[in-house]
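In: Fold the following.
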Amino acid sequence: MIELAPPVEKAFLVAAPLKGVQPELVDEYIGELGRLTDTAGAVVVGEIRQRLDSPHPKYYLGEGKAHELREEATAQGASLIIFDEELSPAQGKNLEKLTGIRIMDRAELILDIFATRARTAEAKLQVELAQLQYMLPRLARMWTHLSRVRGGVGMRGPGETQLETDRRLIGLRIARLKEDLERVAKQRATQRKGRENVLQAALVGYTNAGKSSVLRGLSGTDVFVEDRLFATLDATTRTVDLGEGYEGLVTDTVGFIRKLPHHLVASFRATLEEAGEADLLLHTIDLSHPGWEEQKQVVDEVLAGLGLGEKPTVLVFNKTDRLPHEEEAAWRDRAAALYEEPSVFVSAVAADGLEPLRTLLREKVQEVRAEVDIRLPASQGATMAEIYREGEVLNREDEGAVVHLRARLPAAVLGRLRQRGVEVLDGA
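Out: All right, here's what the predicted structure looks like:
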């Protein structure tokens, strides 16, 4: 039996930045849109640009440019036109009527990528919720296309299975998804309670900054890595050996991107709570990317929107292996001058390239564990075993029936010891 591959979508890209945006940034934006299109499985066949004082209410582009778009996209055989800007439902409908070609905007494209990349039940719930919230005000236009187009970029996930759905049914489904995600959030909170005695760090950053590679290098375990935007969506937590007997938990979270759809951020709030509950954020930055400073700013803005702007953060400048060796010292000095956060320079592929980060995390573990003196009867073997198990014993002296310990212990363990009446003195 011969299996026929589905036809590859041909996408025509549109950039319509407002005046004042630097030309080199426009190049970066359209390049990123092209990479998103590739991740979604379409082939870019052309592009068009227009600088605007303000978006045209009918076509977003000027009317003359909109007609030029129709001619060029048709000439290239495009089956899809993708705008880098978010279109209103009316603009999308007008453009489709004018061009006769399916229209998508950046937000819809990102949602589609998430639909194909979601693996866990939680991620699928989050993506479906975001897609339905995006679709709700666009039903009239989307149903027209869904009646004649099956599959393809932008038509995957819940869109395919809801051809006959009306607003009322979508509203009910959205309510159900929100309930399911609230239940997931409670389960996550229960899981996190079991991690209170361990340092928890969360990798955050722009998509494709190398977070998954850093986690795989630190943990030595299998973590999916691919050189594409949004290679991974699901939060992945691994135990990391920090050396000298210390361990920590590091979580890889979903990557951020410029103009990340707000529905998507809201839907992934449960996953991003992993970052909120972490003791430390590891803001991973692709130092080899020419626009890394803007990418850092984008991530900072998203974190601030999630209420994490004041969270203790370390800047992890990744992919230093791609820089000329003589430039690294200059970058270190620049980072120290520009930012208040502590920073480390790492490479997830170079031998021992992650040791600076491992060392920093070990130091953070030592900081969060208080150093105390403990005096308890030798007969309290269970309590002594707990101290050895949960903390780090630095010194022990046995004086007859009494044991003196100097140890580093998590705050939760100290609290339990004091509740039991164990004599605990702050270490000097």
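
In: separation between residue 52 and residue 314?
Out: Using Cβ to Cβ, to the nearest Å, residue 52 is found at 40 Å from residue 314. C-beta: built from backbone N, CA, C; applies to glycine.

In: Next, the contact list for residue 171, please.
Out: Going by Cβ atoms under 8 Å, 6 or more residues apart in numbering, residue 171 touches residue 136.

In: Which of residue 52 and residue 314 has more residues huddled nearby?
Out: residue 314 (18 against 15; other Cβ atoms under 10 Å).

In: Just read off the phi/psi values of the more buried one.
Out: phi -120, psi 130 (degrees, to the nearest 10).

In: Next one: residue 236 relative to residue 219, how far apart?
Out: Separation of residue 236 from residue 219 (Cβ to Cβ): 9 Å.

In: Could you do residue 12 as well?
Out: Residue 12 is 42 Å from residue 219, by Cβ to Cβ.

In: Please say which of these two ends up with more neighbours.
Out: residue 12 (25 against 19).

In: From what I see, the more buried one and residue 72 are in contact.
Out: Yes - counting by Cβ atoms under 8 Å, residue 12 touches residue 72, with 7.0 Å between them.

In: all strands of the protein, in order?
Out: Taking DSSP state E as the criterion, the chain contains strands spanning 10-15, 43-49, 80-83, 102-105, 199-205, 236-243, 246-252, 280-286, 313-318, 343-345, 370-377, 392-399, 402-409, 423-426.

In: For the fourth one, output the C-alpha coordinates as CSV.
Out: Listed in CSV are the C-alpha atoms of strand 102-105, where the atom choice follows Å, rounded to 0.1, in the frame of the first residue of the first chain:
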residue,chain,number,x,y,z
ARG,A,102,-6.3,31.5,4.0
ILE,A,103,-5.0,34.2,6.4
MET,A,104,-3.3,33.6,9.7
ASP,A,105,-1.6,35.9,12.2
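
In: centre of the chain versus it, how much separation?
Out: 25 Å (Cα atoms, centre = their mean, to the nearest Å).

In: helices or strands up against that strand?
Out: Contacts defined by 3 or more Cβ pairs under 8 Å, 6 or more residues apart in numbering; DSSP states H and E place strand 102-105 against strand 80-83, helix 89-99.

In: Mind listing the strands the first one pairs with, and their directions?
Out: Spelled out, that is strand 80-83. Strand 80-83 pairs in its sheet with strand 10-15 (parallel), strand 102-105 (parallel), by DSSP bridges.

In: coming back round to it: would you turn the strands of the chain into TSV with distance to residue 359 and mean pLDDT?
Out: TSV is the format used below for the strands of the chain (distance: least, Cβ to Cβ, whole Å; pLDDT from 0 to 100):
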stretch	distance to residue 359	mean pLDDT
strand 10-15	43	95
strand 43-49	43	94
strand 80-83	44	95
strand 102-105	44	92
strand 199-205	13	89
strand 236-243	8	85
strand 246-252	10	85
strand 280-286	13	93
strand 313-318	12	93
strand 343-345	8	90
strand 370-377	19	83
strand 392-399	16	85
strand 402-409	17	84
strand 423-426	26	80
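
In: Between those, which one is closest to residue 327.
Out: strand 343-345 (10.8 Å; Cβ to Cβ).

In: Mind listing the strands that closest one pairs with, and their directions?
Out: Partner strands and pairing direction for strand 343-345 (DSSP bridges) are strand 313-318 (parallel).

In: Give the buried residues for the partner strand.
Out: 313, 314, 315, 316, 317, 318 (16 or more other Cβ atoms under 10 Å).

In: Enumerate the beta-bridge partners assigned to residue 343.
Out: residue 315.

In: list the residues that contact both of residue 12 and residue 72?
Out: In contact with both residue 12 and residue 72: 46, 48, using Cβ under 8 Å, 6+ apart.

In: domains for this structure, by residue range?
Out: 10-106, 110-181, 196-366, 369-426 (automatic domain parsing).

In: can you redo those domains as a markdown table with distance to residue 187?
Out: Compiled in a markdown table, the domains of the chain are given as follows (distance: least, Cβ to Cβ, whole Å):
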| stretch | distance to residue 187 |
| --- | --- |
| domain 10-106 | 30 |
| domain 110-181 | 9 |
| domain 196-366 | 9 |
| domain 369-426 | 21 |
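
In: Compare those domains and say which comes out lowest on pLDDT.
Out: Among the domains of the chain, domain 110-181 carries the lowest mean pLDDT, a mean of 69.

In: starting at the chain centroid, how far to stretch 384-398?
Out: The answer for stretch 384-398 is 38 Å, by Cα atoms, centre = their mean.

In: How far does it stretch from one end to the other?
Out: 12 Å (Cα to Cα, to the nearest Å).

In: One more: stretch 311-323?
Out: First-to-last residue span, stretch 311-323, Cα to Cα: 29 Å.

In: Name the residues that touch it?
Out: 203, 205, 209-210, 213-214, 275-276, 278-289, 296, 303, 328, 331, 335, 339, 341-350, 353, 357, 360.
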